[in-house]
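**Q** Quick one, structure for this:
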Amino acid sequence: MRVAHVFVTMPVGGAEDLVFSIVKNSTVEQHAEVVCLRDLGVAGEAAEREGMVVTLLPLLKGRGKRFSPVAVWKLSRWFKQQRIEMVHTQVYNAHVYGVLAAWLAGIPSVMHHQKTFNRERRRRWWTMRALSKLAARQITLSEKTRGDVMEALAVPAEKTAVLPNFVDDSVYTPPQDRAALRRSLGLPVDAPLLGGIASLNTQKNHAATVRMMHALLKRLPSAQGMIFGEGPQRGELQAQIDALGIAGSFTLAGNKRPVVPWLQALDLMVLPSTWEGQPMVILQSLACGVPVVSSRIEGNTAVLGDDDPGLFDLNDEAAYVERVHSCLTDASFRRSLTQHQGRVQAAQPTFADFLNRLDSIYQSAVRSHPSSHVHTTQ
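**A** Numbering: from 1, shown residues only. Okay, here's the model as predicted:
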């Protein structure tokens, strides 16, 4: 089966990492490829440098969000020319173009929800409902999100499936020598080092991490912090860092590809997001043996459990500071955190489990796809 994973662009993110792992391990029987409709993005360009094939079909121009029916038609033609048999989309804009083009080409599509369902974005519901009538299957990361999708988008149960994310443990592994790794990256060898990996937008709540770092440095002056990622809040966050006088200890490090060595170099990962799905960065951190302190929200607790010692409430920034300080200075607390998260890591599905389940979803989508929906574009 030839599967096309459709993106408009590919920034650094969990969905992109997930798809690249799938593509790198595709087989003759299950061949996966990636197509971008506007530009490759940071992740797509990095993948090309690593020798992966990422197809650019420049059907969308500029940064505007105006819908292009012509782009849908041209994408459907490309699907037919390339003999694509399944279309898989991960984010909203890709759903719009990928699902419509697949329907026009007469092939099944799968909409993959990489976040918990956002009930505040009701204007998108009508578009998503319409797309859901055309898509063969919907994949969610948890039973809770599956229920939300079924209710909000009027999707029947038989068209939904739960598929937790996975991490490629051949890539994300504990470092053999963290000190040597830090030296190679130009990082301080002995300083307590914490970091966050996420785009610089409001949802990721980086401003709380900046405030946490300011408070932490009063108790642990040797600490160093970094955020890896880019986004619209860079200027605002840098101004906040400068105003608090912590620029010498806290850095907006930009996008790093590959990000694995930077993650392996950390003593602690932080994720204070206000909204998540099943954060890949948590799974990646646990696979690298890096403990995580994160906000107590649905997406994070779905991975770590409600009893994770590193969770803090979003409205309690003092607890955020305390969790981070304890992890970096209290051996007993750090041990309880790593033991709990080690059990979480051990219970994660394997790569083979994920691929087998995904193949099963594809096969059921193909079997249920009605031939009467085939449309010719000749």
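**Q** Below-threshold pLDDT in the chain: ranges please.
**A** Applying pLDDT under 70 to the chain flags the ranges 28, 118-121, 371-378.
**Q** mind giving me the domain split of it?
**A** With domains defined by automatic domain parsing, the chain comprises 2-166+350-369, 178-346.
**Q** Could you give the number of residues near the spatially closest residue to residue 108 that is not a sequence neighbour?
**A** Spatial nearest neighbour of residue 108, chain neighbours left out: residue 136 (3.7 Å); criterion: CB to CB, 6 or more residues apart in numbering. For every residue, glycine as well, the C-beta is placed using N, CA and C. Counted with other CB atoms under 10 Å, the neighbours of residue 136 add up to 25.
**Q** quick one, what contacts residue 136?
**A** Contacts for residue 136 (CB atoms under 8 Å, 6 or more residues apart in numbering) come out as 108-110, 159, 365-366, 368-369.
**Q** For it, what are phi and psi?
**A** Residue 136 adopts backbone torsions of phi -80, psi -40, taken as degrees, to the nearest 10.
**Q** how near is it to residue 7?
**A** For residue 136, the distance to residue 7 equals 19 Å [CB to CB, to the nearest Å].
**Q** Can you tell me, leaving aside adjacent residues, what's nearest to residue 306?
**A** Closest to residue 306 by CB to CB, 6+ apart is residue 296, at 7.9 Å.
**Q** is it true that that neighbour touches residue 316?
**A** No - Residue 296 is beyond contact range of residue 316, at 9.1 Å (criterion: CB atoms under 8 Å).
**Q** quick one: which of the two has more around it?
**A** Ranked by neighbour count (other CB under 10 Å), residue 296 and residue 316 place residue 296 first, with 16 against 13.
**Q** how near is the more buried one to residue 307?
**A** 11 Å.
**Q** Check residue 202 too.
**A** Separation of residue 202 from residue 307 (CB to CB): 29 Å.
**Q** Which residue of those two possesses the greater neighbour count?
**A** Counted by other CB under 10 Å, residue 202 and residue 307 do not tie: residue 202 has more neighbours, with 14 against 8.
**Q** If you drop the residues flanking it in sequence, what lies closest to the more buried one?
**A** Distance criterion CB to CB, 6+ apart; nearest residue to residue 202, sequence neighbours excluded, is residue 233 at 6.7 Å.
**Q** Now do the strands in the chain.
**A** 2-7, 31-36, 54-56, 86-89, 109-112, 137-140, 160-162, 193-197, 224-228, 250-254, 268-271, 292-295, 311-312 (DSSP state E).
**Q** can you list these in TSV and add mean neighbour count and distance to residue 278?
**A** Converted to TSV, these look like this (neighbours: other CB atoms under 10 Å; distance: least, CB to CB, whole Å):
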stretch	mean neighbour count	distance to residue 278
strand 2-7	24	18
strand 31-36	20	20
strand 54-56	17	24
strand 86-89	27	17
strand 109-112	27	11
strand 137-140	24	9
strand 160-162	18	10
strand 193-197	25	15
strand 224-228	23	20
strand 250-254	18	25
strand 268-271	25	12
strand 292-295	26	12
strand 311-312	20	15
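**Q** can I get these in a markdown table with distance to residue 65?
**A** Formatted as a markdown table, those follow (distance: least, CB to CB, whole Å):
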| stretch | distance to residue 65 |
| --- | --- |
| strand 2-7 | 15 |
| strand 31-36 | 16 |
| strand 54-56 | 19 |
| strand 86-89 | 16 |
| strand 109-112 | 19 |
| strand 137-140 | 23 |
| strand 160-162 | 27 |
| strand 193-197 | 26 |
| strand 224-228 | 27 |
| strand 250-254 | 25 |
| strand 268-271 | 28 |
| strand 292-295 | 29 |
| strand 311-312 | 35 |
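**Q** Can you check which of those strands gets nearest to residue 239?
**A** strand 250-254 (11.0 Å; CB to CB).
**Q** Pairing partners for that closest one, with directions?
**A** Paired with strand 250-254 in the same sheet, following DSSP bridges, are strand 224-228 (parallel).
**Q** ok and the strand it pairs with relative to strand 193-197, angle-wise?
**A** For strand 224-228 against strand 193-197, the angle by axes from the mean of the first three to the mean of the last three CA atoms, to 10 degrees is 20 degrees.
**Q** got a list of contacts for strand 224-228?
**A** For strand 224-228, using CB under 8 Å, 6+ apart, the contacting residues are 12, 187-188, 191-198, 200, 206, 209, 213, 216, 237, 249-256, 259, 262.
**Q** which residue sits closest to residue 324, ignoring its sequence neighbours?
**A** Closest residue in space to residue 324, ignoring its immediate chain neighbours: residue 293 at 5.4 Å, by CB to CB, 6+ apart.
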